[in-house]
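Trainee: Show me the folded form of this:
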Amino acid sequence: MSDHIAKAYDQDIAALRSMLGEMGGIAEEQLDNAITALVKRDTTLADQVINRDQRLDELERQIEEKAILTIAKRQPMALDLREIMVAIRVAADIERIGDLAKNTAKRTHAIQEQLPRRLSPGLTRMGTMAQAELKNVLDAYARKDDAKALSVWRSDEDLDALYNSIFRELLTYMMEDPRNISLCTHLLFGAKNLERIGDHATNIAENTYFLIHGRMIAEDRPKKDVTAMMNPSLNKK
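Mentor: Numbering: from 1, shown residues only. As a prediction, this is how the structure comes out:
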């Protein structure tokens, strides 16, 4: 590869990294605002999250186009090709995280009543955990830190466990008083969005490891979301 071609390739990679950095920053802010909007029932903040999601969609499209053009023009091999392919995958996961943050924010408009005190702490804690996973995995990707990526990958089961606990608590709350069903249904969807954000952070961790080592993580992905198998009757007091 000539110096001119190498320099042009480096510029292409730098452009991809810059766009991914912007995507990551937006996604982190979107998630933070979506959680705040839901817990505080702040519809103005929720609308800001909803309206800003278009920027993430646009950045993902630009990254995909830039990546494809770079492959066609530079014909990269080995690590260089992995970096471009992983950039496409990471952009897709960040865009999906933005969608889930937007969907969480939308629930704010559907909730009319104040969140009960017993329910707010669990959702807030789950949001904090999802935010930490996202921040740490984006740092791991940017720095090519496989140890940090593995730490995020393994920590996702803690988010799943908390989701299981919140799921049970919301079911119990609904069965105690049918008037709570509407509120709790929206909160269940919000909690599920946060759990799915953890899954996408895990995807980024796996792709970061692949970028560094050229192979996927050998272990089975940790997963503790068992809500699909729960029997609601078991939650009755």
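Trainee: When you work out contacts or count neighbours from here on, use the C-alpha atoms and nothing else.
Mentor: OK.
Trainee: so where's the protein shaky on pLDDT?
Mentor: 1-5, 224-226, 228-237 (pLDDT under 70).
Trainee: Spatially central residue for it, please.
Mentor: Ile197 (3.1 Å; C-alpha atoms, centre = their mean).
Trainee: and the residue lying closest to that one once chain neighbours are set aside, how many neighbours?
Mentor: Setting aside the residues directly before and after it, Ile197 is nearest to Ile97 in space (C-alpha to C-alpha, 6 or more residues apart in numbering), at 5.5 Å. By other C-alpha atoms under 10 Å, 27 other residues sit near Ile97.
Trainee: I'd say Ile97 and Ala27 touch.
Mentor: Yes. Counting by C-alpha atoms under 8 Å, Ile97 touches Ala27, with 6.8 Å between them.
Trainee: Spell out, range by range, the helices that occur in this structure.
Mentor: 3-40, 43-74, 78-110, 120-143, 146-176, 181-213 (DSSP state H).
Trainee: Dihedrals phi and psi, Arg221?
Mentor: Note on Arg221: backbone dihedrals following degrees, to the nearest 10 are phi -60, psi 130.
Trainee: Show the contacting residues for it.
Mentor: Shown in contact with Arg221 (C-alpha atoms under 8 Å, 6 or more residues apart in numbering): Trp153, Arg154.
Trainee: Please report how far it lies from Thr202.
Mentor: According to C-alpha to C-alpha, to the nearest Å, Arg221 stands 9 Å off from Thr202.
Trainee: Between the two, which contacts overlap?
Mentor: With contacts taken as C-alpha under 8 Å, 6+ apart, Arg221 and Thr202 have Trp153 as neighbours in common.
Trainee: which residues does His109 contact?
Mentor: Arg41, Thr43.
Trainee: Number of residues surrounding the nearest residue to Leu170 once chain neighbours are set aside?
Mentor: Nearest non-adjacent residue to Leu170, counting by C-alpha to C-alpha, 6+ apart: Cys184, 5.8 Å away. Neighbour count of Cys184, defined by other C-alpha under 10 Å: 22.
Trainee: if I read this right, Cys184 contacts Met174, doesn't it?
Mentor: Yes. Between Cys184 and Met174 there is a contact under C-alpha under 8 Å: 6.7 Å.
Trainee: State the number of residues packed around Trp96.
Mentor: For residue 96 the amino acid is Arg, not Trp. Around Arg96 there are 19 residues (other C-alpha under 10 Å).
Trainee: now it: how far from Ile217?
Mentor: Between Arg96 and Ile217 the computed distance is 22 Å (C-alpha to C-alpha).
Trainee: Equivalent analysis for Asn164, please.
Mentor: 25 Å.
Trainee: wait, what's in contact with Asp99?
Mentor: Asp99 sits next to Asp53 when contact means C-alpha under 8 Å, 6+ apart.
Trainee: how about 6 Å then?
Mentor: Contact analysis of Asp99 by C-alpha atoms under 6 Å, 6 or more residues apart in numbering lists nothing.
Trainee: Ala37 versus that one, what's the distance?
Mentor: Distance from Asp99 to Ala37, by C-alpha to C-alpha: 15 Å.
Trainee: same question, Leu188
Mentor: 16 Å.
Trainee: out of these two, which sits in the more crowded spot?
Mentor: Per other C-alpha under 10 Å, whichever of Leu188 and Ala37 has more neighbours is Ala37, with 24 against 19.
Trainee: shouldn't the more buried one be in contact with Asp47?
Mentor: No. Checked against C-alpha atoms under 6 Å, the pair Ala37 and Asp47 is beyond contact range at 9.1 Å.
Trainee: ok, the residue nearest to Ala67 when sequence neighbours are not counted - how many residues close by?
Mentor: In space, Ala67 comes closest to Ile84 once its chain neighbours are excluded; the distance is 5.9 Å by C-alpha to C-alpha, 6+ apart. Counted by other C-alpha under 10 Å, the residues lying close to Ile84 total 24.
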